[in-house]
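[1] sequence and predicted structure below; questions after.
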Protein chains: 2
Amino acid sequence: MEMKKVTNLVEQALALIDERKFAELHDLIHEENAADINEIIDEVTPEQGVIIYRLLPKELAAEVFVEMDPDMQEFLINAFSDAELKNVLDELYYDDTADIIEEMPANVVKRILKTATPEMRKAVNELLKYPEDSAGSIMTTEFVRLKKNYTVEDSLDLIRKVGIDKETIYTCYVTDDKSRLIGLVTAKDLLLSPLQNMIENIMTDHVISVSTLDDQEQIALMFSKYGFIAMPVVDNENRLVGIITVDDAIDVLQEETEEDFAKMAAVAPTDTDYLKTSPFVFYKARIPWLLLLMLSATFTGMIISNYETSLAALPVLTAFIPMIMDTSGNSGSQTAVTVIRGISLGQIEFRNFFRVVFKEFRVSLLCGLTLFAATVMKLLLIDRILLKNETVSITVALTVGLTIFAATICSKVIASILPQLAKKAGADPAVLSSPLITTIVDALSLLIYFAMATVILHIGA
Amino acid sequence: MEMKKVTNLVEQALALIDERKFAELHDLIHEENAADINEIIDEVTPEQGVIIYRLLPKELAAEVFVEMDPDMQEFLINAFSDAELKNVLDELYYDDTADIIEEMPANVVKRILKTATPEMRKAVNELLKYPEDSAGSIMTTEFVRLKKNYTVEDSLDLIRKVGIDKETIYTCYVTDDKSRLIGLVTAKDLLLSPLQNMIENIMTDHVISVSTLDDQEQIALMFSKYGFIAMPVVDNENRLVGIITVDDAIDVLQEETEEDFAKMAAVAPTDTDYLKTSPFVFYKARIPWLLLLMLSATFTGMIISNYETSLAALPVLTAFIPMIMDTSGNSGSQTAVTVIRGISLGQIEFRNFFRVVFKEFRVSLLCGLTLFAATVMKLLLIDRILLKNETVSITVALTVGLTIFAATICSKVIASILPQLAKKAGADPAVLSSPLITTIVDALSLLIYFAMATVILHIGA
């Protein structure tokens, strides 16, 4: 398995560094993949990282540099001579340079912009203007542009001439004399067509494009829907200004997915590798939510305090509080996660609001009825007969069972409504994380419990 | 924005179907994308779906067919004449045919295999042998194979000749006379090199490959790590048997992500669109977990019953049970989700076991201390002073605070250990969903609570 090979590579490289056998290290790594070389650099001191970096051939060095941890990038830039920095910058795509600049402190940014060519400086400044998470912020401005009156041969010649500097040559876009996007031709089309064919005869007119301010997550989902390897980005006047490549789309998908996971676990997202993240960073990501959720438990506490004397009179009711709260919480979080993902994946739109709520209502009826039967049986068979707890009477079992029935329905319905309303209000539906919804339905399920107990068992507040 | 356009397309198409204007419908859709056409078919009756399908040009029809809902595929195959079925099969890639066959009932499979060419039948049977979720099950066997003694010109000629039937021509693999993988050449290399160059001089020797039985999720993560658009699959003897393309890798990433989300919400994964899934399917996916978790709450109930008389003597303790259980549960699920994702993404290996536990221990110390202080302050300031609940004494506040401190540490440590052990035991770490871990730490936090209360407040069981 490949995984093992990479681990071996890292171990071999570390051994060679320890023995200062740099010629052998060069032979070991100079044909390796950028991602694997960065795994080696991650394991060594920054100074050793610089040594490894300097052993790399120019093109590979640039790839390694782009994918490197920002701290190491900064260390490396500070270690570079101006000439070295210029060499690296010349190899970088504009969008990668813009991404790096966003992570660097002001003095490093200044030095990068001073060293860059005027052309790069201009392009990078343009890219930096787009808001975070927009199509503009992840697109590249280096792509092959064809005209409809080119022949296939002209096009292949153009690709041969400029292709080396382009992020992809496999999808080429056709623009008119006002730079407006009018078609696309794949490298496959070009390779399989007679050389004298005109681009306008082989191009696809129907081009799916996104605009510079579109949300990156929506775009990433379009890659997965359509199976593209590149997507054109146009401005308000349908002028082609950039392209997004599939590798960047995959990165966005991964990043957005991890954000959703984090929100559902009620932690702030941390975008670094688990082992590289310090306990303090995790602490800062988690403690605000824990505090918020703890404080919101004040309500459940108040509800219980309110019924303290009744609970003291019929203490068996206390024993079922955890079961009722857990079951409602789980019912709610099942729905919350399902609906939040449905919204994230674009399967649920606001116009389906009632359809979703009604569907969850029907699911909750089925779940509620089953849980009602299971609860009554569990209380009578396990608690009353098996554990010989005679205070668990039939009316107590009915009270708990009906509470679970009603709480399941309320939990699922609320959990289907809140994320949709959050989305409609322009907020991230995942912010209503399942722990938050759990806390809300906890309080509600207790209220239902005491209401049922008051009606059926005649306890008073 | 593109999204709106698709909605319009669906609406326009539906209107034309209603008016039976099929010529106009043909003009509207014959250049659209397969995914969009399937959105139209999803909205109409199966019979209307067949009409739409028959309006499509041959190649697009095959694409639409591949991406279609399995129920609609079955309906369509049953509507096909043998000649029509043969036409479709001729357009399909072997791996797509194998995927379709896996979803069809026996009689349809029989008909497909009878209609297929002997060559396709053989290839499909080979593919069906690989286990689900393995590299073999998602690879395609149609790719361009080059030899090292070809020139660039030979290679381009070969691509022109066979490329039309290949899933990608952008990464071509070089094999020796025993079919062993020895290098790769991209279409970019071919286009940018002089025609007389030899493949062996321009190929990359260092090829990252996976083997047929490797797990599909690990492979999908390699695409995201290396930014590939294709990955070669080799057998035990390093013979090239197939390739995996980036679009399939994205599908795997999506599928595995949704599975992890489902498990974390304690529901069985359902792989269809939210709105298309019936309430009964959701019920079946959710009720087993709800029942299991409800039954496991028997333990919390038993613990509380055991301390019933103490609680009756000091009823204020009951009011803090939800806060203690929720906080422990949330602390545990924060860690569980973080560690489970770390394992899924390959960031956490079993050799890091103690590093992970120790990191979570330190995080839990920081969180526990903060929560201790917040709890004591909250109980004294809000419950005692603001809500004038005089039974909340300083010792009660200390008891609750110390319980939360200890429960936070235990929850996070346990939640960091269990998923790692599950993975080591060969189980899916996400099966220890956060609700399950919550249920475990619920019971534990109650035991800690009553132990603290016994020591500090001298309550007896």
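    The structure has been received and is ready for your questions.
[2] now do the strands in the stretch 201-350 of chain A.
    A:210-211, A:230-234, A:240-245 (DSSP state E, counting those that start in this stretch).
[3] which among the ones you listed is found nearest to A:Ile112?
    For the strands of the stretch 201-350 of chain A, the distance to A:Ile112 is smallest for strand A:240-245, at 20.5 Å, taking Cβ to Cβ. For the C-beta atoms, the positions are set from N, CA and C on the backbone; glycine is no exception.
[4] who's in contact with the spatially most central residue of chain A?
    The geometric centre of chain A, computed from its C-alpha atoms, lies nearest to A:Glu256 (Cα atoms, centre = their mean), at 1.4 Å. For A:Glu256, the contacting residues are A:Gln216, A:Glu217, A:Ala220, A:Ser344, by Cβ atoms under 8 Å, 6 or more residues apart in numbering or on different chains.
[5] burial measure for the last one, as a count.
    A:Ser344 is flanked by 22 other residues according to other Cβ atoms under 10 Å in any protein chain shown.
[6] what is the burial count for the nearest residue to it once chain neighbours are set aside?
    If the residues on either side of it in the chain are set aside, A:Ser344 comes closest to A:Asp260, at 6.1 Å by Cβ to Cβ, 6 or more residues apart in numbering or on different chains. A:Asp260 sits with 21 neighbouring residues when counted by other Cβ under 10 Å.
[7] does A:Asp260 touch A:Gly342 like I think?
    No: look at A:Asp260 against A:Gly342 with Cβ atoms under 8 Å: they stay out of range, at 11.9 Å.
[8] who are the neighbours in contact with the residue in the stretch 51-200 of chain A that chain B sits nearest to?
    Nearest residue of the stretch 51-200 of chain A to chain B: A:Tyr170, at 5.2 Å (Cβ to the nearest Cβ). The contact partners of A:Tyr170, by Cβ under 8 Å, 6+ apart, come to A:Thr186, A:Ala187, A:Lys188, A:Ile229, A:Ala230, B:Tyr170, B:Ala187, B:Lys188, B:Ile229.
[9] so what's the fifth one up against?
    Translated: A:Ala230. A:Phe143, A:Thr168, A:Tyr170, A:Thr171, A:Ile243, A:Ile244, A:Thr245, A:Val246.
[10] now the contacts of A:Glu256 as a markdown table including pLDDT?
    Output for the contacts of A:Glu256, formatted as a markdown table (pLDDT from 0 to 100):
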| residue | pLDDT |
| --- | --- |
| A:Gln216 | 91 |
| A:Glu217 | 89 |
| A:Ala220 | 91 |
| A:Ser344 | 85 |
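[11] can you tell me the SS state at A:Phe65?
    The three-state label given to A:Phe65 by DSSP: H, G, I helix; E, B strand; the rest coil is helix.
[12] what sits against the closest residue to it other than its chain neighbours?
    Distance criterion Cβ to Cβ, 6+ apart; nearest residue to A:Phe65, sequence neighbours excluded, is A:Val88 at 5.7 Å. Counting by Cβ under 8 Å, 6+ apart, A:Val88 touches A:Ala61, A:Ala62, A:Phe65, A:Phe80.
[13] give me the element the second one is part of.
    It stands for A:Ala62. helix A:58-67 (DSSP states H and E).
[14] just checking, the residue nearest to A:Phe65 is part of a helix?
    Yes: A:Val88 forms part of a helix when assessed by three-state DSSP.
[15] do you know the pLDDT at it?
    Per-residue confidence (pLDDT) for A:Val88: 88.
[16] likewise A:Ser433?
    66.
[17] could you list the buried residues of the strand or helix carrying A:Thr454?
    Taking DSSP H and E as the definition, A:Thr454 sits inside helix A:434-457. By neighbour count on 16 or more other Cβ atoms under 10 Å in any protein chain shown, the buried set for helix A:434-457 is A:434-450, A:452-453, A:457.
[18] so which of the residues you listed also contact chain B?
    Near chain B, judged by Cβ under 8 Å from any Cβ of the partner chain, the entries from the buried residues of helix A:434-457 are A:Ser434, A:Pro435, A:Thr438, A:Thr439, A:Asp442, A:Leu446.
[19] chain B contacts on the stretch 51-200 of chain A?
    Within reach of chain B by Cβ under 8 Å from any Cβ, the stretch 51-200 of chain A has these residues: A:Leu156, A:Ile159, A:Arg160, A:Gly163, A:Ile164, A:Ile169, A:Tyr170, A:Ala187, A:Lys188, A:Leu191, A:Leu192.
[20] switch the cut-off to 6 Å
    A:Ile159, A:Arg160, A:Gly163, A:Ile164, A:Ile169, A:Tyr170, A:Ala187, A:Lys188, A:Leu191, A:Leu192 (Cβ under 6 Å from any Cβ of the partner chain).
[21] hmm, which of the residues you listed is lowest in pLDDT?
    Among those, pLDDT bottoms out at A:Ile164, giving 74.
[22] helices of the stretch 51-200 of chain A, residue ranges please.
    Per DSSP state H, counting those that start in this stretch, the stretch 51-200 of chain A carries helices over the ranges A:58-67, A:70-79, A:82-91, A:94-103, A:106-115, A:118-128, A:135-138, A:152-162, A:187-192, A:199-202.
[23] make CSV out of those helices and add distance to A:Leu369.
    As requested, these are exported to CSV (distance: least, Cβ to Cβ, whole Å):
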stretch, distance to A:Leu369
helix A:58-67, 54
helix A:70-79, 54
helix A:82-91, 65
helix A:94-103, 53
helix A:106-115, 62
helix A:118-128, 57
helix A:135-138, 48
helix A:152-162, 65
helix A:187-192, 56
helix A:199-202, 61
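[24] for chain A, what helix or strand is lowest in average pLDDT?
    None of the helices or strands of chain A scores lower by mean pLDDT, DSSP states H and E than helix A:2-18, at a mean of 76.
[25] helix A:58-67 and the very next helix or strand once past that one, what's the angle between them?
    Using DSSP H and E, the next helix or strand after helix A:2-18 towards the C-terminus is helix A:22-29. Per axes from the mean of the first three to the mean of the last three Cα atoms, to 10 degrees, the angle that helix A:22-29 makes with helix A:58-67 is 80 degrees.
[26] phi, psi of A:Met68?
    phi -70, psi 150 (degrees, to the nearest 10).
[27] and the residue found closest to it once you drop the neighbours it is linked to in the chain, what element?
    Take A:Met68 and drop its neighbours on the chain: the residue closest to it by Cβ to Cβ, 6+ apart is A:Asn38, 5.7 Å away. Secondary-structure element containing A:Asn38, defined by DSSP H and E: helix A:34-43.
[28] contacts for that helix, please.
    Here helix A:34-43 makes contact (Cβ atoms under 6 Å, 6 or more residues apart in numbering or on different chains) with A:6, A:9-10, A:13, A:29, A:49, A:52, A:63-64, A:67-68, B:225-226.
[29] these, buried ones only, as a PyMOL selection?
    Those of the contacts of helix A:34-43 that count as buried under 16+ other Cβ under 10 Å are selected in PyMOL with:
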select buried, (chain A and resi 6+9+10+13+29+49+52+63+64+67+68) or (chain B and resi 225)
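[30] so which two of the contacts of helix A:34-43 are the farthest from each other?
    A:Gly49 and B:Tyr226 (20.2 Å).
[31] and the pLDDT for A:Met1?
    40.
[32] revised request: answer the last question for A:Ala373.
    For A:Ala373, the predicted pLDDT is 96.
[33] got it, and A:Met68?
    91.
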